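sharing a sequence plus its predicted fold:
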Amino acid sequence: MAPAVHATPNTPAVRPRPKLRISDLISSTAAEIDARIGEPVLVRREDNGEVRIYRNTACVLHVFAYPKNGTIRAVHIEARTQAGRLNGDALDNCVANFGQS
């Protein structure tokens, strides 16, 4: 008796989404950022720009947006935890936590 042969269906490999980084958000519009990380908990308008604050369980993200070629875009981003301001990889990890939702 010949051994049974079982065919396995071809399933395409699922690539993980690339980790969201701060560089992915710089120069983005508010709508583009909201689409990627969700709605801000606070928007503070000042002069011709705005500060948008986003919060998750890992950190708080501050996005500073000002007009660039007639459109308000993110020009600077900071992140904090209760321990203080985040920099480098810790900042990118904060941003990546928003991208997972």
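Sure thing, it's come through.

show me where pLDDT drops low in the chain?
Scanning the chain for pLDDT under 70 picks out 1-17, 99-101.

and the lengthiest strand in it, what's buried?
Across the chain, the longest stretch assigned as strand under DSSP state E is strand 71-81. Using 16 or more other CB atoms under 10 Å as the test for burial, strand 71-81 gives 72, 73, 74, 77, 78, 79. All C-beta spots, glycine's among them, are computed from the backbone N, C-alpha and C.

chain center to it: distance?
Centre-to-centre, strand 71-81 and its host chain are 11 Å apart (CA atoms, centre = their mean, to the nearest Å).

pull the CA atoms of it into CSV?
In CSV, the C-alpha atoms belonging to strand 71-81 read as follows (Å, rounded to 0.1, in the frame of the first residue of the first chain):
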residue,chain,number,x,y,z
THR,A,71,-0.8,73.0,4.4
ILE,A,72,-0.4,72.4,8.1
ARG,A,73,2.2,69.6,8.5
ALA,A,74,4.1,68.0,11.4
VAL,A,75,7.4,69.7,11.8
HIS,A,76,8.5,68.4,15.2
ILE,A,77,7.5,65.5,17.4
GLU,A,78,8.2,64.8,21.1
ALA,A,79,7.2,61.9,23.3
ARG,A,80,7.2,61.5,27.1
THR,A,81,6.4,59.0,29.8
